[in-house]
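J.: Below is the sequence, then the predicted model.
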Amino acid sequence: ALPSEDRKKILLDIADALEENEDLIKVENDADIAAALNAGYEKAILSRLALKPGKISSLAKCVRKLADMEEPIGHVIKRTEIASLAIRTGNGVLLKGGAEAKRSNAILHK
């Protein structure tokens, strides 16, 4: 496993990348919403899929919070923080997004 400080740096880099690529992430998310709308997905799914204003900066803030934790083992977290927590604790995780979020998932993976 990577040392704690290396994992912390990775998380801080991820938070920076989220903020630096916010416009591109929004473009891909908008394309997902349009495709899901055309495919007839329900409004509830469209609402969950849409990145609300401030969501990217909120995610970046959560990632930074995890980076600054001592060793986060045992902390209760939100689902959006799972990938970041896996990095912070030196573990692997497989997250599967729905087909309706194909573009959003791909851009966040980059």
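T.: Received it, and whenever you're ready, just let me know what you need. Residues are numbered from 1 along each chain as shown.
J.: Number of residues surrounding Glu19?
T.: 15 (other CB atoms under 10 Å). Every residue, glycine included, has its C-beta placed from N, CA and C.
J.: quick one: low-confidence ranges for this structure?
T.: In the prediction, the chain carries residues with pLDDT under 70 at positions 1, 71-83, 88-97, 105, 108-109.
J.: Tell me where it has strands.
T.: Counting by DSSP state E, one finds no strands in the chain.
J.: so where do the helices sit in it?
T.: Applying DSSP state H to the chain gives helices spanning 4-20, 22-38, 43-49, 55-68, 82-88, 102-109.
J.: ok, the nearest residue to Ala50 once chain neighbours are set aside - contacts?
T.: Excluding its sequence neighbours, the residue lying closest to Ala50 (CB to CB, 6 or more residues apart in numbering) is Ile33, at 5.7 Å. Neighbouring residues of Ile33 by CB atoms under 8 Å, 6 or more residues apart in numbering: 46, 49-50.
J.: Closest one of the residues you listed to Leu85?
T.: Nearest to Leu85 among the contacts of Ile33 is Leu49, at 22.8 Å by CB to CB.
J.: residue contacts, that closest one?
T.: 29, 32-33, 36, 41, 100-101, 104.
J.: Same question for Ala39.
T.: So, once contact is read as CB under 8 Å, 6+ apart, Ala39 ends up touching Glu100.
J.: please redo it, this time with the cut-off set to 10 Å
T.: By CB atoms under 10 Å, 6 or more residues apart in numbering, the residues touching Ala39 are 45, 99-100.
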